[in-house]
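Asker: A structural model of the following input is requested.
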Amino acid sequence: LSTVTKHEFEVSGIEAVDEAAGVVWYTARDGDNHMKLQFHRVRLDGSGDRRLTDPAFHHSVTISPDRRHFVDIAQTHATPPVTTLRDASGRAIAELAVSDRSKFDELGLEPVEMFTFTAADGTTRLHGMLHKPSGFDPSRQYPVLVSVYGGPATSGARETFTMPDPRTEYGFLVVTLNGRNSAGRGKRALDAIYGKLG
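Answerer: As a prediction, the model looks like this:
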């Protein structure tokens with residue numbers, strides 16, 4: 001897709017190609033953060049690139065065989081999935097499924113929080129997630145468990161709906177962090193850490 005797309009964000013995959021019409025549908029990491037996958041349509045000559053999904057959400061899509069519709073599952077780390085049937089332009093046709101969050105709220109579970117921080121290089125903006133116990137008291141101090149994995153193209157933070165880590169119910173805060181190794185930031189980001197995983 002390098003000759004078809006001309007943007008800085010990472011292309012994740014090709015969903016469908018219509019050679020006769022000269023169109024390709026693809027997913028890319030150009031939501032309001034790189035973890036929010038979006039669905040695009042572009043002509044094979046690179047013209048008319050159009051995002052078909054809302055950048056405020058992460059999207060999983062299934063395109064119909066005739067490419068006239070697609071099923072869109074939209075969510076974030078704190079918003080449970082909503083499944084919608086959309087037409088080829090991205091317009092909602094029918095809401096197919098909505099997650100029921102009532103038990104989550106009834107149990108007093110705390111939504112997982114996304115936060116940003118700056119890497120040691122002083123410029124790279126990274127993401128983390130904070131898991132809190134039910135009945136969280138902001139005036140109290142809690143022990144913190146930190147989860148970090150530094151392998152290439154991995155992520156501790158994500159934009160799919162996330163339940164609080166069960167260990168929080170033992171009185172811990174749990175923090176998961178992305179490093180400069182995190183997935184979805186493109187080749188340039190991974191090249192910067194090549195041979196420097198220590």
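
Asker: can you give me the helices for this protein?
Answerer: Ranges of helices in the chain, per DSSP state H, are 102-106, 187-192.

Asker: rank those helices by pLDDT, which is bottom?
Answerer: Comparing the helices of the chain by mean pLDDT, the weakest confidence falls on helix 187-192, with a mean of 67.

Asker: okay, the closest residue to residue 177 other than its chain neighbours: pLDDT?
Answerer: Among residues not flanking residue 177 along the chain, residue 128 sits closest, at 4.4 Å (C-beta to C-beta, 6 or more residues apart in numbering). Any C-beta I mention is one placed from the backbone N, CA and C, and that applies to glycine too. Confidence at residue 128, expressed as pLDDT, is 94.

Asker: show me the beta-bridge partners of residue 128.
Answerer: Beta bridges link residue 128 to residue 115, residue 177, judged by DSSP bridges.

Asker: residue 176 is in contact with that one, correct?
Answerer: Yes: with contact defined as C-beta atoms under 8 Å, residue 128 counts as touching residue 176 (6.3 Å).

Asker: give me the common contacts of the two.
Answerer: Residues touching both residue 128 and residue 176 (C-beta atoms under 8 Å, 6 or more residues apart in numbering): 156, 157.

Asker: how about the contacts made by the residue lying closest to residue 94 once chain neighbours are set aside?
Answerer: In space, residue 94 comes closest to residue 85 once its chain neighbours are excluded; the distance is 4.6 Å by C-beta to C-beta, 6+ apart. For residue 85, the contact set (C-beta under 8 Å, 6+ apart) comprises 69, 70, 71, 72, 92, 93, 94, 95, 96.

Asker: cool, and residue 82?
Answerer: With C-beta under 8 Å, 6+ apart, residue 82 has these contacts: 73, 74, 75, 95, 97, 98, 99.

Asker: returning to that earlier point: the residue nearest to residue 177: neighbouring residues, count only.
Answerer: Using other C-beta atoms under 10 Å, residue 128 is surrounded by 19 other residues.

Asker: roughly how far does it sit from residue 26?
Answerer: According to C-beta to C-beta, to the nearest Å, residue 128 stands 29 Å off from residue 26.
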